[in-house]
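Asks: From the sequence below, what's the structure:
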Amino acid sequence: MAFRLLAAFRRGVSPFSSKYQTYPVYKPCGFSKYSRKRFGKVATSVVLLAAASIGALWPERSNEIAVNLSPQLHCFLKDLWQKKIEYNYQSATLTDISTSVDWCRRFIIDKLRTSSQYLNSFQADSQNGVDTGPDSKYLTRSSIADAAAKVAPAVVNLTMTQGHMGLFLGRSTGSGTIINSNGIILTNAHVIADLTSGGVAHKGKITVTLQDGRSFEGKVINADFQTDIAIIKIYTNSPLPVAKLGSSSKLRAGDWVIALGSPLFLHNTVTAGIVSCVDRKSSELGLGGRSEYLQTDCPLNEGNSGGPLVNLDGEVVGVNTLKLPGADGMAFAIPIDSAIKIVQQFNKHGRVVRPWLGMKMLDLNELIVSQLKERDPSFPDVVEGVLVPQVVPGSPADRAGIRTGDVVIQFDGKPIKSVKQIVEMLGDNVGVAFKIVVKRASNLQVTLTIVPEEISPNF
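Replies: Got it, this is the predicted structure:
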């Protein structure tokens, strides 16, 4: 066994893997070849042979060499490797190898014994799915299940039943998340109603079903169709599970996320994927407005709408809202940061207040500026900012004196890098004066005052 392991590790297996696997080599001799390697394969082989001799390693199958490392031995070997222990096997013999293996065996046993308290804690944490170190970012076998279990009790199925004079006319389904112990449920506006030319057409009586089987009648509190956010409420004296809200601003492309909901009336369904993009613009999807979406590859179907998108901490980071027809692996969610702002406006104003400036805005960066200066040498010398390519006549921007071609470099006293910054600074402030600094052709800098108006709901 020892010779087979040694021969296998001559093939250059990395000591950083938690599982070493290679196929048998039938020439266990030839130690002279090790004289060319100062440490790498030989020292690793010696340490692993010693570990095998105390039962810390074992072969999985007889037709291949597959070695499993316990978490604590994996950490130990990595630490040993980093210390760059070196051996000189210029004149290595079988006796030398045996002596070195025996020394490493005793060293490992002593290391494990003196660290037993830490290792026991490490094992317990590993079994419980707890992060076992400050640098540990591994996805364990239970990471997704644990995260889903945290939020699942607060995920509800919404069934809308339509009827007239006792006649059943149809039903539709969606999902939602309980975000308040008072029974407030966050979902999509299109789940509970349709926006038609004649106004809002509700889809019928709403039945809210919890994971534990309890059912309630839901009442629509408010809805905003531009952002596709709605809140409904259920009334009960019994305690309700509440989902923990996270922050979508912390997400990065490549992060694992989980989608929960009731696709196709199948309650308590969990799917998983990664974040593909954190700021997919609505204009890129052929939609109006200035909304941004989280793009994921979580499988979604009809009925997932309104359900939560969850991170591995079990926190809601988005509201699943749509997928493109015929595009597998492309789903979109409203960032939870945006959704909460809408809910806050519901509570404050009873509606969503949207300030309007009356000008188109485009983000600038160094490369775009360079291209624009090639076309027009008088373009202002800026590295970043927001370009105004169009101003609506009679709008607040027009009355403030903003011109087509201006570059906004400051808004409300703060440097500007993106349109998103301006939108966030505006918030729900209507009729409030803001100082705006723009640069014009030939680097003329002008300070203006702009007073936003509330945009018409039908705009």
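Asks: Now do the buried residues in stretch 365-372.
Replies: For stretch 365-372, the neighbour count (16 or more other Cβ atoms under 10 Å) marks Val369, Leu372 as buried. The way it works is simple: take the backbone N, C-alpha and C, and place the C-beta from them, glycine included.
Asks: pLDDT of it, averaged?
Replies: Stretch 365-372 shows a mean pLDDT of 93.
Asks: So which residues make contact with it?
Replies: Phe379, Val382, Val383, Glu384, Leu387 (Cβ atoms under 8 Å, 6 or more residues apart in numbering).
Asks: Looking at the residues you listed, which is nearest Val242?
Replies: Glu384 (40.9 Å; Cβ to Cβ).
Asks: Distance of that closest one relative to Ala253?
Replies: Going from Glu384 to Ala253 by Cβ to Cβ, to the nearest Å gives 22 Å.
Asks: With Gly385 instead?
Replies: 25 Å.
Asks: same check, this time on Asp297
Replies: 11 Å.
Asks: Tell me which of Gly385 and Ala253 has more neighbours.
Replies: Legend: neighbour count by other Cβ atoms under 10 Å for Gly385 and Ala253, higher for Gly385 (26 against 13).
Asks: So in terms of bridging, what pairs with the more buried one?
Replies: Leu364 (DSSP bridges).
Asks: Touching, it and Val437? I think so.
Replies: No - Gly385 lies out of contact with Val437 (Cβ atoms under 8 Å); the separation is 9.7 Å.
Asks: Identify the contacts common to these two.
Replies: Shared contacts of Gly385 and Val437, defined by Cβ under 8 Å, 6+ apart, are found at Val408, Ile409.
Asks: before we move on, the earlier item: of the contacts of stretch 365-372, buried ones?
Replies: Phe379, Val382, Glu384, Leu387.
Asks: could you redo the residues you listed as CSV and give each row pLDDT and distance to Val275?
Replies: Conversion of the buried ones among the contacts of stretch 365-372 to CSV gives the following (pLDDT from 0 to 100; distance: Cβ to Cβ, whole Å):
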residue, pLDDT, distance to Val275
Phe379, 94, 36
Val382, 93, 31
Glu384, 91, 25
Leu387, 96, 29
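Asks: which one of these sits closest to Asp313?
Replies: Using Cβ to Cβ, Glu384 comes nearest to Asp313 of those, at 33.1 Å.
Asks: Show the backbone phi and psi for that closest one.
Replies: Dihedral pair for Glu384: phi -150, psi 170, per degrees, to the nearest 10.
Asks: One more: Trp356?
Replies: phi -130, psi 130.
Asks: what's the closest non-adjacent residue to it?
Replies: Of all residues not flanking Trp356 in the chain, Ile455 sits nearest, at 3.9 Å (Cβ to Cβ, 6 or more residues apart in numbering).
Asks: Give me the pLDDT value at the one you found.
Replies: On the pLDDT scale, Ile455 is placed at 82.
Asks: cool, Leu169 as well?
Replies: Value listed for Leu169 in the pLDDT field: 74.
Asks: The protein: helices as residue ranges?
Replies: With helices called from DSSP state H, the chain shows them at 2-9, 40-53, 71-82, 94-114, 116-127, 143-151, 189-192, 336-349, 366-375, 396-400, 419-426.
Asks: Averaging pLDDT over each of the ones you listed, report the lowest-scoring one.
Replies: Of all these, the minimum mean pLDDT falls on helix 2-9 (a mean of 44).
Asks: Quick check on the nearest residue to Ser282 once chain neighbours are set aside: phi, psi?
Replies: Among residues not flanking Ser282 along the chain, Ser291 sits closest, at 4.1 Å (Cβ to Cβ, 6+ apart). Reported as degrees, to the nearest 10, the phi and psi values for Ser291 are phi -70, psi 150.
Asks: quick one: common contacting residues for Asp297 and Ala253?
Replies: Ile274, Ser276.
Asks: hang on, the earlier thing: okay, the buried ones among the contacts of stretch 365-372 in TSV with distance to Arg171 next?
Replies: TSV is the format used below for these (distance: Cβ to Cβ, whole Å):
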residue	distance to Arg171
Phe379	58
Val382	56
Glu384	51
Leu387	49
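Asks: so of those, which ones are in strands?
Replies: Leu387 (DSSP state E).
Asks: now the stretch 101-250 of the chain, which segments are flagged as low pLDDT?
Replies: Regions of the stretch 101-250 of the chain meeting the criterion pLDDT under 70 cover residues 101-138, 165, 195-201.
Asks: Number of residues surrounding the closest residue in space to Val353 that isn't next to it in sequence?
Replies: Nearest residue to Val353, sequence neighbours excluded (Cβ to Cβ, 6+ apart): Asp428, at 4.1 Å. Neighbours of Asp428 under the rule other Cβ under 10 Å: 17.
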